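[1] here you go, sequence then predicted model.
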Amino acid sequence: MPVKVREYTDLDLDFQPHPISGDISQLRDADAVKRSIRNILLTNIYEKPFRPNIGSKIAHLLFEPVDPLTKYALRDEIFRAILINEPRARIVDIRINYNLDENRYDATIQFSIENFTEIVTVNIFLERIR
């Protein structure tokens, strides 16, 4: 009997209807985990009622001076948030670059997914919003 490979699915939060069935589309495998990571990192701690640990402290760090210390603090916070909140992702590498001209950080996160051989990359632009 063949071994069934686990499939990961999440709802597409853009709520775009499927072109044929008209139902809400689903994200599968790597796209589902990418969206989950993006949502975790862009959600503040205590923002979700009754789930205070979901999210990250990235928004607070974006108001710190743009320097190597903040860059490493962001990297550590991204690692912590993914490790705690996304068990499907195994982090391979996190690279943070700061862009002084646009006053933002560019985060590149590489991770693997359980039962998959490929390395998946997600890019997130982190900028403070007032």
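    Good, I have the coordinates. Numbering: from 1, shown residues only.

[2] the strands in the protein, which residues?
    With DSSP state E, the ranges of strands along the chain come out as 9-11, 26-28, 89-99, 104-113, 119-126.

[3] from the chain's centroid, how far away is the third one?
    Taking Cα atoms, centre = their mean, to the nearest Å, one finds the center of strand 89-99 at 10 Å from the center of the full chain.

[4] could you check the angle that strand makes with strand 104-113?
    With axes from the mean of the first three to the mean of the last three Cα atoms, to 10 degrees as the basis, strand 89-99 and strand 104-113 are set at 160 degrees to each other.

[5] ok, residue 107 - how many residues close by?
    When neighbours are counted by other Cβ atoms under 10 Å, residue 107 registers 20. C-betas here are computed from N, CA, C, even on glycine.

[6] could you check how many residues crowd around the nearest residue to it once chain neighbours are set aside?
    Nearest residue to residue 107, sequence neighbours excluded (Cβ to Cβ, 6 or more residues apart in numbering): residue 124, at 4.7 Å. By other Cβ under 10 Å, the residues close to residue 124 number 17.
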